[in-house]
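J.: Need a 3D model of the following:
(chains A and B)
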2 protein chains.
Amino acid sequence: MVKEVVKVGMLGLGTVGSGVYKILQSNASLIARKTGARIEVVKVLVRDTSKNRGLDIPEGILTDNPDDVLKDESVDIVVEVMGGIGKARDYALAALQQGKSLVTANKDMMAVYGEELFMAASENRCDLMFEASVAGGIPIIKVLKQSLAANRIEQVMGIVNGTTNYMLTRMTLDGSEFKDVLAEAQARGYAEADPTNDIEGFDAARKIAILASIVFNTRISLDKVYVEGITRISAEDIKYACELGYVVKLLGIAKDTSNGIEVRVHPVLLPETHPLAAVNDVFNAVFVKGDAVGETMFYGRGAGELPTASAVTADIMDAARNILHRVQGIVGCTCFEERPLKPMGDVRTRNYLRLRVVDKPGVLAQIALIFGENQVSLATVFQKETVEGKAELVLVTHEVAEKNLKQALQGIEQLPVVEEVCNAIRVEDQS
Amino acid sequence: MVKEVVKVGMLGLGTVGSGVYKILQSNASLIARKTGARIEVVKVLVRDTSKNRGLDIPEGILTDNPDDVLKDESVDIVVEVMGGIGKARDYALAALQQGKSLVTANKDMMAVYGEELFMAASENRCDLMFEASVAGGIPIIKVLKQSLAANRIEQVMGIVNGTTNYMLTRMTLDGSEFKDVLAEAQARGYAEADPTNDIEGFDAARKIAILASIVFNTRISLDKVYVEGITRISAEDIKYACELGYVVKLLGIAKDTSNGIEVRVHPVLLPETHPLAAVNDVFNAVFVKGDAVGETMFYGRGAGELPTASAVTADIMDAARNILHRVQGIVGCTCFEERPLKPMGDVRTRNYLRLRVVDKPGVLAQIALIFGENQVSLATVFQKETVEGKAELVLVTHEVAEKNLKQALQGIEQLPVVEEVCNAIRVEDQS
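T.: Numbers count the residues shown, from 1 in each chain, chains lettered A, B, ... in the order given. Here you go, the predicted model:
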């Protein structure tokens, strides 16, 4: 090996960027020994070069001109930790076109421009690594691309959004309502002022799109992912779920079935014995079932300065090693198939339903009739709390196609004795 | 790439070997697409070539002559799945000396001959991969060597022996005694006729020696690992532990402390909220704490035909890719340090103690005096079940050095009022 230093240019020095800078400094000799060369940050693009960041950065490293990073011929690896999908994508593409390997933590960019970026990486024989884009510090991208590569993956189910997992955990343990927990999460800095991305499931959707693309070797664009957030989950639903032996989690789900693949994000009732059921607070975990390995799970912190930077830095080390050995792109894009996606209406699950009805004889018969007409059969029915002539019915269906359930619920909503279909949550039993 | 086929020679076709053969057959096209070449098994060393194995193996593949594998120039990768440490080591070494990459599932061989094999791999510029040697199908070796490589690893704690985890789970859930559960495990095929290796902790010791060598970049030979099995654990201990909020697990532990590294295997009381506490039955899990990533856990099946074969096959694919790109050994041995190992006497933990004593006034005072003289301070004391003038004392100490506790217990055993020190189990609180 001739090269003794691998040079890194960073785009962004926010939370994750600072973390990367700190790790590269504090663990420098360890990293050099393992990689085979010293890794040196030579340029960092920031908005404001005069801002004090509490980091020990030599003169001349910070710049507000992207070309100082992208067109610096000495830069071997560009690390994109600025976020967003506009400039980030332009810079990432420019870096790859200059023959620089790219390491990114940017799930939004990967979910939207993954294909374009991988084509550029392939054409220019560069690495494109994105371990940190899903589940922060948890090794999952490389695990799926390499460690479990001999498997046909049957199922991936992930708690990949820390904000919503924190909120559901608090609702479960304290019995609090959604809006109170959201306010608390915002006060603690776990949820943003505009929490839409997290609570509506959009963040989780980007992550499951990335994971599904890898495990099914098929490019899954974001618009193909069915998404439903947790805003309709009430403390009552969680309490009833618990009585039935379930916990409520927001999952990203990718499943291989005989009639197509499923990629979806929504709240689920998960048996309390499932390994994911014990994953609480802001922790993330990805459950993977392969035809050979069986059930596995990968657990850790899905966000935060140093956890996310741990994943970014590991990618930098792998990319550096590949540069030293001149094998950039040795593990490239794996989307070599185009597998058909199942329409959401054909997805089959069991379902938890909560209905508010008039409390008088014959109501259940009317409801059951409509379920029957739509091929929905019931596994469990119980009536809860009668207040002022109104009763709450909690039902769990056997497995049924989404479209049949929807049609049944539409019919049931029309019944004069039914005041409201309060909630319908899919049940993911072990399968 | 010129090469279109990477040729594999296998040593052994037992449980794991058959699994590897099956996966390479059933997932052949997937594996070829991901690797960049077809992977073909050209020779398999077996004891009896005429035995019917229920596998679809072409004529001429099976052989009882090791040279047919080791000296076949067309063989690129040798897969050692025969087990044992005598011939396995000789053949593995011969393969590496012939310039063939080696994939092995053999923890015994790696724990004993790891250094010698890595030297041969390095001299001959070959890969030596051993993902399957620890925790079966769970990706942990590559995770530690690459995905978490930017971290200083502070702690590894693993449930790495399925047999003992099954036994402890049954003892916990059913309240059964050790010997009954052992008989049941043997009947189910989870424990061998001679269960010594599992129940005395020797199997776990090999695995933690391998993991510790990786995370501390220091060759930890098997004889350096402190080992204690689960044969003294009683249903009573488990019951008391549960009352105190703990579960009992056999752990392999590797810890980095300010005055040296610790590598040990023994039963522990683990807080019931610890992620490892929920890992039951034959499942394995490895908990890793790094300075950047924080707490992570990797969960799955630690043994079995296909889970173990999943890890072996992933290694074959990585080795094949490295051969195709001519970068064998790109990630080699990482034991580039020689960190001092802490003597077991200096290891500090909290401890659960169960004593049988004479039930009369002043007994606790005598015991407490000896603890005090040896710098052992007590966090919890409670007296259980008095039968025929004898009482059981359950105590939990504050953190104390092993040697001080030992000395105290020796003194206490001499007391006429103490009938027996029934058990002493270390407590691993979150730290």
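J.: gap between residue A:96 and residue B:386?
T.: 76 Å (C-beta to C-beta, to the nearest Å). (Each C-beta comes from the backbone N, C-alpha and C, glycine too.)
J.: What residues does the stretch 51-200 of chain A have near chain B?
T.: Counting by C-beta under 8 Å from any C-beta of the partner chain, the residues of the stretch 51-200 of chain A close to chain B are A:131, A:137-139, A:142-143, A:146-152.
J.: from the residues you listed, which is closest to residue A:204?
T.: Of all those, the one sitting nearest residue A:204 is residue A:138; the distance, using C-beta to C-beta, is 14.3 Å.
J.: Find the nearest non-adjacent residue to the closest one, please.
T.: residue A:300 (4.1 Å; C-beta to C-beta, 6 or more residues apart in numbering or on different chains).
J.: Flag every buried residue along the helix or strand of chain A with the lowest mean pLDDT.
T.: Least confident helix or strand, chain A: strand A:378-387 with a mean of 87, by mean pLDDT, DSSP states H and E. For strand A:378-387, the neighbour count (16 or more other C-beta atoms under 10 Å in any protein chain shown) marks residue A:378 as buried.
J.: one step back: show me the residues of the stretch 51-200 of chain A next to chain B that map onto helices.
T.: Members of those lying in helices (criterion: DSSP state H): residue A:142.
J.: Filter the residues of the stretch 51-200 of chain A next to chain B down to the buried ones, PyMOL style.
T.: In PyMOL, this line selects whichever of these come out buried by 16+ other C-beta under 10 Å:
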select buried, chain A and resi 131+137+138+139+142+143+146+147+148+149+150+151
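J.: wait, which of the residues of the stretch 51-200 of chain A next to chain B is closest to residue A:206?
T.: Nearest to residue A:206 among these, counting by C-beta to C-beta, is residue A:131 at 14.9 Å.
J.: need the contact list for the closest one.
T.: Residue A:131 makes contact with A:139-142, A:311-312, A:314-315, B:147, according to C-beta atoms under 8 Å, 6 or more residues apart in numbering or on different chains.
J.: and the stretch 201-350 of chain A, which of its residues are near chain B?
T.: For the stretch 201-350 of chain A, the residues in contact with chain B (C-beta under 8 Å from any C-beta) are A:217, A:275, A:278, A:290-301, A:304, A:306-307, A:309-311, A:313-314, A:316-318, A:321, A:325, A:327, A:330-331, A:334, A:336.
J.: Backbone dihedrals for residue A:289, please?
T.: Torsion angles at residue A:289 (phi, psi; degrees, to the nearest 10) stand at phi -120, psi 120.
J.: Ok, residue A:304 next?
T.: Dihedral angles of residue A:304 (phi, psi; degrees, to the nearest 10) stand at phi 100, psi 150.
J.: same question, residue A:280
T.: Dihedral angles for residue A:280 - degrees, to the nearest 10 - are phi -120, psi 170.
J.: So what's the residue count around residue A:173?
T.: Residues contacting residue A:173 under the criterion other C-beta atoms under 10 Å in any protein chain shown number 11.
J.: Secondary structure element holding it?
T.: Following DSSP states H and E, the helix or strand that holds residue A:173 is helix A:162-174.
J.: Show me where the stretch 251-400 of chain A has its helices.
T.: Counting by DSSP state H, counting those that start in this stretch, the segments of the stretch 251-400 of chain A that form helices are A:305-324, A:363-373.
J.: got the contact list for stretch A:54-66?
T.: For stretch A:54-66, using C-beta under 8 Å, 6+ apart, the contacting residues are A:11, A:13, A:18, A:21-22, A:25, A:41-49, A:69, A:87, A:91, A:94.
J.: Out of those residues, which end up buried?
T.: Neighbour counting with 16+ other C-beta under 10 Å marks A:11, A:13, A:18, A:21-22, A:41-46, A:69, A:91, A:94 as buried within these.
J.: Now go through those residues and say which are in strands.
T.: Judged by DSSP state E, those include A:11, A:41-45 as members of strands.
J.: For residue A:247, state which of those is nearest.
T.: Closest to residue A:247 out of these is residue A:11 (39.4 Å), distances taken as C-beta to C-beta.
J.: what sits against the residue nearest to residue A:138?
T.: A:135-138, A:283-285, A:307, B:293-297.
J.: hang on, the earlier thing: now for the ones in strands among the buried ones among the contacts of stretch A:54-66, which pair is the farthest apart?
T.: Across those (C-beta to C-beta), the longest gap, 12.9 Å, separates A:11 and A:42.
J.: For the helix holding residue A:173, name the packing helices and strands.
T.: helix A:178-188, helix A:196-199, helix A:235-243, strand A:246-257, strand A:283-290 (3 or more C-beta pairs under 8 Å, 6 or more residues apart in numbering or on different chains; DSSP states H and E).
J.: let's see it at 6 Å
T.: Counting contacts by 3 or more C-beta pairs under 6 Å, 6 or more residues apart in numbering or on different chains; DSSP states H and E, helix A:162-174 packs against helix A:178-188, helix A:235-243.
J.: who touches that helix?
T.: Outside of helix A:162-174, the residues that reach it under the criterion C-beta atoms under 6 Å, 6 or more residues apart in numbering or on different chains are A:159, A:176, A:181, A:185, A:190-191, A:198, A:230, A:235, A:238, A:248, A:250, A:280-282, A:302-303.
J.: and with 7 Å instead?
T.: Here helix A:162-174 makes contact (C-beta atoms under 7 Å, 6 or more residues apart in numbering or on different chains) with A:159, A:176, A:178, A:181-182, A:184-185, A:190-191, A:195, A:198-199, A:230, A:235, A:238, A:247-250, A:279-284, A:302-303.
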